[in-house]
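Chemist: curious how this folds, go ahead:
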Amino acid sequence: MSIVAGVDFGTLSVRVSIVDSKRGRIGSGTAEYPLRRIKEDPDHATQSHADHMEALAAAVRKALSEAAVPGSAVEALAIDTTGSSVIPVDSTLQPLDDYYLWCDHRAWEEAARITEVAHARGLEAIEWCGGVYSSEWGWAKLLHWLRHNPAKRARFATALEHCDMAAAVLCGITEPTAVPRSICAMGHKWMWNAALGGLPPEEFLTAVDPLLAGVRAKIAAGVYATSNRLAGRLAQAWAGRLGLRAGIPVPTGAFDAHWDAIGAGCRIGDVVNVVGTSTCIMAITDRPTLIPGVCGVVPGSVHPEKTGVEAGLSATGDIFDAIARRAGTNVAQLSAGLESYAPGQTGLLRMTWDNGDRTVLVNPELSGVTLGWRLIHTAQDELFAAIEGTAFHTRVILERMEEHGVPIRRVINGGGIPQKNAVLNQVYANALGKPILVPKSDVTSLGSAIFAFLAAGTFRTVEEAQDALCPEHTVIAPQPAPAYEPLYALYKKLYFSFGTGDVLAELRRITRGNQHARQTAN
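Modeler: Got it, this is the predicted structure:
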């Protein structure tokens, strides 16, 4: 028997689970931190490193208290985070600014430039991340920061993903060359590819913008590793703040959705939909294969010894929350009665591009569209149509993955929303035409615990740890839904026609022009 701590940094809070190798989760603690938005710029989303670490210390102590175990009993600590959440740091790893959170889309121009130059120069790495670089990813965010912070450039030493920054700080690492670099983070968001020589070449980056001259070497510095390798050991100072024992192992971190997939029991043949604020769609395969429009195919990113495949929706829970907020209520209240809705009964078709399209079109310039409005429609109708829309978008993605050799035998709905939204699970089963498996208990931070147990030597393999710790699943079978086939055909037609047009992008350009004019006037 051994005990570890699994840490999951989400968009609005950090959760720490104390997990026993025999009894499972025995205690947990959460602590919130603010997300900084700016009304005048809807693309802005930042968070403070200090806020993150203060919340971590509070959550660890809460978890230990609930578990009723001393901190000295914890044998390892592992951390996953959102991503790409990027922070520029100086030569001692001190933050030069706040994190550009994963949902910060200010770098849309930089992302478009990276995509343009990559295709003009035939950069093979761009094809491994879906063919279009995203404003949600590392190089775009870093370039945006460099362009808008000239006074801080001289102090810039490197940029780190949140998972790598947190691990480095906890291990007392202050040298950029010693920083743990997550292959999960760097492979999916920074175009790092071992088979292609690592990061994109210097001449490509400087062609994107001369401000990137020399930056490749700064990002390349560090130790690139999968999550079965140690980032280091918990430093004395942080052991004191967390109430843990100094010297316990801390494995190289990863993104929350990737480790959530492991916690949900993902094996080859499974797809895990981590449904939360957004949706991350995770799978593993035995071999790396290019999949057009899919965010990333990276060996070692989900399972250290398999190839990880990542896709997803840029907004899911965010859309549901926005619909409820506009109606002056919350999602729980607006959902009451949705179980009586029949497939397609609203007459609405909802394109869930409210935060852009992450997969398959990979176009951040898209925005939400609802067709079929009549005067009698309600906010509840729109919510049900939005659930159907996210299911249809998921089906588009799964079909693309299957077309390129990713086997899909089971669909597991992980994340927070499926645990409390039976309607969503049934709609997904009906729309996908596949059984939906929902873990019988929350798997958030369980993937972190699994990698902590591997670091502690408790289990020899990921699979052995999953067999011991992953919860059983509730199976939701698809019900007859004849309306969904013609409705999905319409969705798919609109997705690949209107979604590749310029109307929504032009609307965004007009909006940004007006925002810029107002900001200049002020």
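Chemist: list the buried residues in whatever helix or strand residue 485 lives in.
Modeler: For residue 485, the enclosing helix or strand under DSSP states H and E is helix 484-497. Neighbour-count burial for helix 484-497 flags 484, 487-488, 491, 495 (criterion: 16 or more other Cβ atoms under 10 Å). All C-beta spots, glycine's among them, are computed from the backbone N, C-alpha and C.
Chemist: repeat that for stretch 165-181.
Modeler: For stretch 165-181, using 16+ other Cβ under 10 Å, the buried residues are 165-173, 176, 178-181.
Chemist: could the residues you listed go into TSV alongside secondary structure and distance to residue 401?
Modeler: As requested, the buried residues of stretch 165-181 are exported to TSV (DSSP: H, G, I helix; E, B strand; the rest coil; distance: Cβ to Cβ, whole Å):
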residue	secondary structure	distance to residue 401
165	helix	31
166	helix	30
167	helix	30
168	helix	34
169	helix	36
170	helix	35
171	coil	36
172	coil	41
173	coil	37
176	helix	36
178	helix	37
179	coil	33
180	strand	30
181	strand	27
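Chemist: can I get those in a markdown table including pLDDT and distance to residue 374?
Modeler: A markdown table is the format used below for the buried residues of stretch 165-181 (pLDDT from 0 to 100; distance: Cβ to Cβ, whole Å):
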| residue | pLDDT | distance to residue 374 |
| --- | --- | --- |
| 165 | 98 | 50 |
| 166 | 98 | 49 |
| 167 | 97 | 53 |
| 168 | 98 | 55 |
| 169 | 98 | 54 |
| 170 | 98 | 55 |
| 171 | 98 | 59 |
| 172 | 97 | 62 |
| 173 | 97 | 59 |
| 176 | 95 | 58 |
| 178 | 95 | 62 |
| 179 | 96 | 56 |
| 180 | 93 | 55 |
| 181 | 97 | 53 |
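Chemist: a markdown table please, covering those residues and showing distance to residue 368.
Modeler: Below are those laid out as a markdown table (distance: Cβ to Cβ, whole Å):
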| residue | distance to residue 368 |
| --- | --- |
| 165 | 33 |
| 166 | 33 |
| 167 | 36 |
| 168 | 38 |
| 169 | 38 |
| 170 | 39 |
| 171 | 42 |
| 172 | 45 |
| 173 | 42 |
| 176 | 41 |
| 178 | 44 |
| 179 | 38 |
| 180 | 38 |
| 181 | 36 |
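Chemist: before we move on, the earlier item: average pLDDT for the helix holding residue 485?
Modeler: The pLDDT scores in helix 484-497 average 96.
Chemist: in terms of secondary structure, what does it contact?
Modeler: strand 349-351, helix 379-403, helix 422-432 (3 or more Cβ pairs under 8 Å, 6 or more residues apart in numbering; DSSP states H and E).
Chemist: format those as TSV; extra columns: mean neighbour count and distance to residue 192.
Modeler: Output for the helices and strands packed on helix 484-497, formatted as TSV (neighbours: other Cβ atoms under 10 Å; distance: least, Cβ to Cβ, whole Å):
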stretch	mean neighbour count	distance to residue 192
strand 349-351	23	32
helix 379-403	22	22
helix 422-432	23	32
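Chemist: so which of the ones you listed comes closest to residue 2?
Modeler: Checking the helices and strands packed on helix 484-497 against residue 2 by Cβ to Cβ gives helix 422-432 as the closest, at 33.9 Å.
Chemist: what's downstream of that closest one, the next helix or strand?
Modeler: strand 436-439.
Chemist: got the contact list for that following strand?
Modeler: Contact partners of strand 436-439, identified using Cβ atoms under 8 Å, 6 or more residues apart in numbering, comprise 263-265, 410-414, 418-419, 425-426, 428-429, 470-476.
Chemist: same thing but at 6 Å, please
Modeler: 264, 410-413, 418, 425, 428-429, 471, 473-476 (Cβ atoms under 6 Å, 6 or more residues apart in numbering).
Chemist: same check, this time on stretch 194-204
Modeler: By Cβ under 6 Å, 6+ apart, stretch 194-204 touches 121, 123-125, 191-192, 216, 220.
Chemist: mind listing which of these are in helices?
Modeler: Of those, the ones assigned to helices by DSSP state H are 216, 220.
Chemist: between the contacts of stretch 194-204, which is nearest residue 311?
Modeler: residue 191 (16.7 Å).
Chemist: contacts only, for the spatially closest residue to that closest one that is not a sequence neighbour.
Modeler: Closest residue to residue 191 apart from its sequence neighbours, by Cβ to Cβ, 6 or more residues apart in numbering: residue 125 at 4.1 Å. Applying Cβ under 6 Å, 6+ apart to residue 125 gives the contacts 191, 193, 196, 200.
Chemist: columns neighbour count, pLDDT and distance to residue 247 on top of those, output as JSON lines?
Modeler: Putting the contacts of residue 125 into JSON lines (neighbours: other Cβ atoms under 10 Å; pLDDT from 0 to 100; distance: Cβ to Cβ, whole Å) gives the following:
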{"residue": "191", "neighbour count": "25", "pLDDT": "96", "distance to residue 247": "36"}
{"residue": "193", "neighbour count": "22", "pLDDT": "94", "distance to residue 247": "34"}
{"residue": "196", "neighbour count": "14", "pLDDT": "94", "distance to residue 247": "37"}
{"residue": "200", "neighbour count": "26", "pLDDT": "97", "distance to residue 247": "37"}
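Chemist: helix, strand or coil for residue 370?
Modeler: Under DSSP: H, G, I helix; E, B strand; the rest coil, residue 370 falls in the strand class.
Chemist: picking that back up, please indicate which of the contacts of strand 436-439 are buried?
Modeler: 264, 410-413, 418, 425, 428-429, 471, 473, 476.
Chemist: of those residues, which is the nearest to residue 346?
Modeler: Looking across the buried ones among the contacts of strand 436-439 and measuring by Cβ to Cβ, the closest to residue 346 is residue 428, at 16.8 Å.
Chemist: and residue 412, bridged to which residues?
Modeler: On the basis of DSSP bridges, residue 412 is bridged to residue 272, residue 437.
Chemist: please report how far it lies from residue 275.
Modeler: The gap separating residue 412 from residue 275 is 10 Å, by Cβ to Cβ, to the nearest Å.
Chemist: check residue 322 too.
Modeler: Distance from residue 322 to residue 275, by Cβ to Cβ: 16 Å.
Chemist: how about residue 445?
Modeler: In terms of Cβ to Cβ, residue 445 sits 16 Å off from residue 275.
Chemist: the closest residue to residue 295 other than its chain neighbours: which element?
Modeler: Nearest residue to residue 295, sequence neighbours excluded (Cβ to Cβ, 6+ apart): residue 310, at 4.8 Å. Using DSSP H and E, residue 310 maps to strand 307-313.
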